[in-house]
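>>> structure of the sequence below:
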Amino acid sequence: MSLDKPNTPTERPAERPARQSRTGLTSTGVRKAAAKSNRSRAREFALQALYQHQVGRNDAASIDSFTRDLAGFHKADSAHYDALLHGCIEESAALDALILPLLDRKMIEISPVEHGVMWIGAYEFKHCLDVPWRVVLNECIELAKEFGGTDGHKYVNAVLNGLAPTLRAAEVSADKATGKAR
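Numbers count the residues shown, from 1 in each chain. Sure, this is the predicted structure:
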């Protein structure tokens, strides 16, 4: 190879695409699939199932049967998925009653994805006391980032942050006292 001759594509090493960091996040800030817990996966499948319920008006049993056959379901916490799917559908009116006062628009104007995420958050605040409120909040924000509209996660964050002091008063107060929450 001559020094005065430019390199041809065959003479230089192939350029590699930039690698994603190994922090467990994709370039958009969403957790990589390998970094997700069984409960996070359960929430994802529950959200997809709740979407089917809201948009397709399918019954819980047929949604459940369909969802369990999806690829990757075996990695999800099926008991948590069951609680979220069936609990959110059974308590949808009560969950909406908790969420509605915190909205700045009519429920019909909320996307089904963000609506489902808020159901999951409200349900977990009420019934999954083993999950810290901040974990519920963060998980719901991640769901909204991954499946919702561009800024839907901000809306979900605001609504669930407003709901947490009502449903998890002692926990929120303790976190505020120690500076872990605003």
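>>> state which helix of this protein is the longest.
helix 38-56 (DSSP state H).
>>> phi, psi for I110 please.
Phi and psi for I110, reported as degrees, to the nearest 10, are phi -80, psi 140.
>>> please name the nearest non-neighbouring residue to the spatially most central residue of the chain.
The centre of the chain sits closest to L143, judged by C-alpha atoms, centre = their mean, with a distance of 1.6 Å. Nearest residue to L143, sequence neighbours excluded (C-beta to C-beta, 6 or more residues apart in numbering): V117, at 4.9 Å. From N, CA and C alone the C-beta is placed, and that goes for glycine too.
>>> what about that neighbour, how many neighbours?
By other C-beta atoms under 10 Å, the residues close to V117 number 33.
>>> list the buried residues in stretch 128-137.
Across stretch 128-137, burial judged by 16 or more other C-beta atoms under 10 Å covers 128, 133, 136-137.
>>> narrow those residues to those in helices?
Cross-referencing the buried residues of stretch 128-137 against helices under DSSP H gives 133, 136-137.
>>> among those residues, which one lies nearest to F73?
Nearest to F73 out of these is V136 (C-beta to C-beta; 21.7 Å).
>>> correct me, but the closest one touches Y123?
No: the pair V136 / Y123 is not scored as a contact, 9.2 Å apart, by C-beta atoms under 8 Å.
>>> many thanks, we can stop here.
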